[in-house]
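*Asks:* test case, fold it:
(2 chains)
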Amino acid sequence: MTKPTFFRHSVVPVLTVIAAIIALWYVAALFMNHSMVVADAQLKGLAFTPSATWYRSWALDKPLLPAPHQVVAELWRSTAGLSVTSKRSLVYHGWVTLSATLLGFLLGTLLGIFLAIGIVHQKVMDKSLMPWIIASQTVPILAVAPMLIVVLNAIGISGLLPKALISTYLSFFPVVVGMVKGLRSPEAIHLDLMRTYNADDFQVFTKLRWPASVPFLFASLKVGIAISLIGAIVGELPTGAVAGLGARLLSGSYYGQTIQIWAALFAAAFLAGMLVLVVGWSERIVMRLMGARPERRAA
Amino acid sequence: MPASMDVIDIEALSLTFETGDGPVQALSGIDLKIAKGDFVSFIGPSGCGKTTLLRVIADLEQPTGGSISVNGTTPELARLDRAYGYVFQAPALYPWRTIARNVALPLEIMGLTRAQQEERIARNLALVNLTGFEKKYPWQLSGGMQQRASIARALAVEPDLLLMDEPFGALDEIVRDHLNEQLLQLWAKTKKTVVFVTHSIPEAVYLSTKIVVMSPRPGRIHDIVESDLPRGPRPLDIRETPEFLKLAQRVRDGLRAGHSYDD
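*Replies:* Sure, this is the predicted structure:
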């Protein structure tokens, strides 16, 4: 692939879409905040020219919808502008959320793999567990999270673990579903081959089922890591908004700090993007080590 | 001489599959003896049970009637003893293993030491002319080379019996001719007993010492043709000789007679 086509096929479309979104955003901010500016002007008996009204719509302290540059300024101020140990630093809050996310993701992945291995090898587990696993995901997490936090707090567990457990609760599910499919993915001919070698279940698992399931595992991990982050943020909401991106969202809404909310939202989105990217990179490295044919990208 | 001289001894064997639409008789009244060192082909149209019969010998299917012995014992014990190597229609190589590690797969399961594995990998890859491709992954090889790798994998177990289920069916004719020639040389060199499933008349006649002609619904043996072509490596142009054409004609007649064309 040559550089100019990469530019034309990747950079230009992406930038075009971003520019369109930003333009739309400015228009939306103008419409949503316009009435606030007008009402404020009437209260103070001032008369703004249209262009001044526009300008002020994009510069309110507590707008309904902050303009992009306000969010960017807030993001800059609360990351680069503050010490990372500051309680108002987004890096600090991001780290709090990230640590719960990663712990929950790890636990959820292990739990998911463990359950999938059981389900694939034990018919009883398949029949008895699978309905419960599916049912677990139909319960609204927003309702479960506060109860779990309160119950765990009552028995003396607080801080990182309760939040991580909510991440675990969400992230084990895609791993179970993906790994059950992955561990069952070997073709009949590959399983017959193992049978002709008189291989035992453990050998079939380590030499066939496990390697065959790796692509499925990574697909699950990509979903799992993203919802682990959501789980951690949801877990931060009922704790009284002490620390974490969830806390920033909550305290922002308490005090009408829409710019702060949007900055925290963008920080969370950025974090999720990075996490999915890291999983994607590890997938490529692992698949290359496993001799997979390099993917040919469509031109 | 006792019957144990025969590597495979099948008597009145039948197999009925229970399906959703009721029982389907896949094999019926099969009587067959295969002597040590024979190269036997099963030939017949689709649905004649030739693959099923091979799978019964390999203990991958269970017969519902009759008796069968492999190496003087039951197919199950023969399988547990790793008495045969099985080559499937597709190469069935594990894509995450290199060619060398694919050949090593049965050896790992058998618990051979690394040094023993290396020795067998080198020897069997040389037998199928794949020396130098040890570190390649399956996708880097052509279909014919992949199937040769899978033959090396079957040979690495060092069985006396080789079961081959249409191993060259998916390959083009030129590659197929070439592999047939190599397979005969290999057979002559290793003195193994080979059971080979095919639906190609020239392939069956070229390779075999004995051709089992099967017919469908229910799967049964229609004719057993003993080949009078010389044993051992045969030149490819033997296929132009009158002896060859006569054998091929007999097999073709058998297939035609056994096949009902009303469906």
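*Asks:* chain A contacts on chain B?
*Replies:* By C-beta under 8 Å from any C-beta of the partner chain, the residues of chain B that approach chain A are B:58-60, B:79-80, B:82, B:84-86, B:88-90, B:92, B:94-98, B:105-106, B:108-110, B:137, B:139, B:157. C-beta here means a position set from N, CA and C on the backbone, and glycine is covered the same way.
*Asks:* the same query, at a cut-off of 7 Å, please.
*Replies:* Counting by C-beta under 7 Å from any C-beta of the partner chain, chain B comes close to chain A at B:58, B:60, B:79-80, B:82, B:86, B:88, B:90, B:92, B:95-96, B:98, B:105-106, B:109, B:137, B:139.
*Asks:* select from those residues every entry located in strands.
*Replies:* Using DSSP state E, the members of these that fall within strands are B:Tyr86.
*Asks:* just give me the residue right at the centre of the chain.
*Replies:* I'll assume chain A. By C-alpha atoms, centre = their mean, the mean C-alpha position of chain A lies nearest to A:Ala226, the distance being 2.8 Å.
*Asks:* um, chain B though
*Replies:* Nearest to the geometric centre of chain B sits B:Met164, at 2.2 Å (C-alpha atoms, centre = their mean).
*Asks:* so that one: helix, strand or coil?
*Replies:* strand (DSSP: H, G, I helix; E, B strand; the rest coil).
*Asks:* report the beta-bridge partners for it.
*Replies:* Counting by DSSP bridges, B:Met164 forms beta bridges with B:Val87, B:Phe196.
*Asks:* I'd guessed it sits against B:Thr193; true?
*Replies:* No. With contact defined as C-beta atoms under 7 Å, B:Met164 does not reach B:Thr193; the gap is 11.3 Å.
*Asks:* tell me the contacts of the residue nearest to the centre of chain A?
*Replies:* A:272, A:275-276 (C-beta atoms under 7 Å, 6 or more residues apart in numbering or on different chains).
*Asks:* same thing with A:Ile133?
*Replies:* With contacts defined as C-beta under 7 Å, 6+ apart, the neighbours of A:Ile133 are A:173, A:176.
*Asks:* repeat for B:Leu229
*Replies:* For B:Leu229, the contacting residues are B:238, B:243-244, by C-beta under 7 Å, 6+ apart.
*Asks:* repeat that for 10 Å
*Replies:* By C-beta atoms under 10 Å, 6 or more residues apart in numbering or on different chains, the contact set of B:Leu229 is B:205-209, B:238-239, B:241, B:243-244, B:247.
*Asks:* among these, name the buried ones.
*Replies:* Buried members of the contacts of B:Leu229, scored by 16 or more other C-beta atoms under 10 Å in any protein chain shown, are B:205-209, B:239, B:244, B:247.
*Asks:* which stretches of the stretch 1-150 of chain A have low pLDDT?
*Replies:* Within the stretch 1-150 of chain A, the segments meeting pLDDT under 70 span A:1-4.
*Asks:* to clarify, my last question referred to chain B.
*Replies:* Within chain B, the stretches with pLDDT under 70 are B:1-4, B:259-263.
*Asks:* returning to that earlier point: give me the subset of the residues of chain B next to chain A that lies in helices.
*Replies:* Of these, the ones assigned to helices by DSSP state H are B:79-80, B:105-106, B:109.
*Asks:* flag every buried residue along stretch B:38-54.
*Replies:* Buried-residue list, stretch B:38-54, by 16+ other C-beta under 10 Å: B:38-44, B:47-54.
*Asks:* just these now: which is nearest B:Gly132?
*Replies:* B:Phe39 (28.7 Å; C-beta to C-beta).
*Asks:* ok, and what's touching stretch A:151-165?
*Replies:* The contact list for stretch A:151-165 (C-beta under 10 Å, 6+ apart) reads A:96-97, A:99-108, A:145, A:148-150, A:168, A:228, A:231-239, A:242-244, A:246.
*Asks:* same thing with stretch B:235-244?
*Replies:* B:177-178, B:180-181, B:184, B:202-203, B:205-206, B:227-230, B:234, B:245, B:247-248.
*Asks:* where along chain B do the strands fall?
*Replies:* Counting by DSSP E, chain B has strands at residues B:6-19, B:22-35, B:39-43, B:65-70, B:84-87, B:161-165, B:193-198, B:210-215, B:220-226.
*Asks:* can you lay out those strands as CSV showing distance to A:Tyr254?
*Replies:* Formatted as CSV, these follow (distance: least, C-beta to C-beta, whole Å):
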stretch, distance to A:Tyr254
strand B:6-19, 66
strand B:22-35, 71
strand B:39-43, 79
strand B:65-70, 78
strand B:84-87, 70
strand B:161-165, 71
strand B:193-198, 75
strand B:210-215, 81
strand B:220-226, 83
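*Asks:* to A:Arg56, which of these lies closest?
*Replies:* strand B:6-19 (77.4 Å).
*Asks:* in the closest one, which residues are buried?
*Replies:* Under 16+ other C-beta under 10 Å, the buried positions of strand B:6-19 are B:6-10, B:13-16.
*Asks:* can you pick out the most distant pair from the buried residues of stretch B:38-54?
*Replies:* The widest separation within the buried residues of stretch B:38-54 (C-beta to C-beta) is 25.4 Å, between B:Asp38 and B:Gly47.
*Asks:* just the helices in chain A please.
*Replies:* Under DSSP H, chain A gives helices at A:3-6, A:12-44, A:50-57, A:68-79, A:90-121, A:123-136, A:141-154, A:160-183, A:188-196, A:201-204, A:210-236, A:245-254, A:258-289.
*Asks:* which one of those helices lies closest to B:Thr131?
*Replies:* B:Thr131 lies closest, by C-beta to C-beta, to one member of these: helix A:188-196, at 23.3 Å.
*Asks:* interface residues of chain A facing chain B?
*Replies:* Contacts of chain A with chain B, taken as C-beta under 10 Å from any C-beta of the partner chain, map to A:186-200, A:203-204, A:206-208, A:211-212, A:214, A:287, A:289-294.
*Asks:* follow-up on the earlier one: of the buried residues of strand B:6-19, which is the nearest to B:Gly132?
*Replies:* Nearest to B:Gly132 among the buried residues of strand B:6-19: B:Val7, at 34.0 Å, using C-beta to C-beta.
*Asks:* circling back to that earlier point, and the pLDDT at the residue nearest to the centre of chain A?
*Replies:* We have a pLDDT of 93 for A:Ala226.
*Asks:* same question for the one 4 residues further on.
*Replies:* The predicted local confidence for A:Ile230 comes out at a pLDDT of 91.
*Asks:* try the one 10 residues further on
*Replies:* At A:Gly240, the predicted lDDT confidence score is 58.
*Asks:* quick one: A:Asn33 and A:Pro66 touch, right?
*Replies:* Yes. Counting by C-beta atoms under 10 Å, A:Asn33 touches A:Pro66, with 8.6 Å between them.
*Asks:* buried subset of the contacts of A:Ala226?
*Replies:* Applying 16+ other C-beta under 10 Å to the contacts of A:Ala226 flags A:272, A:275-276 as buried.
*Asks:* tell me the domain ranges of the chain?
*Replies:* Here I'm looking at chain A. As given by automatic domain parsing, the domain ranges for chain A are A:3-64, A:90-289.
*Asks:* chain B, not that one
*Replies:* Domains of chain B are assigned by automatic domain parsing as B:3-83+B:160-258, B:92-158.
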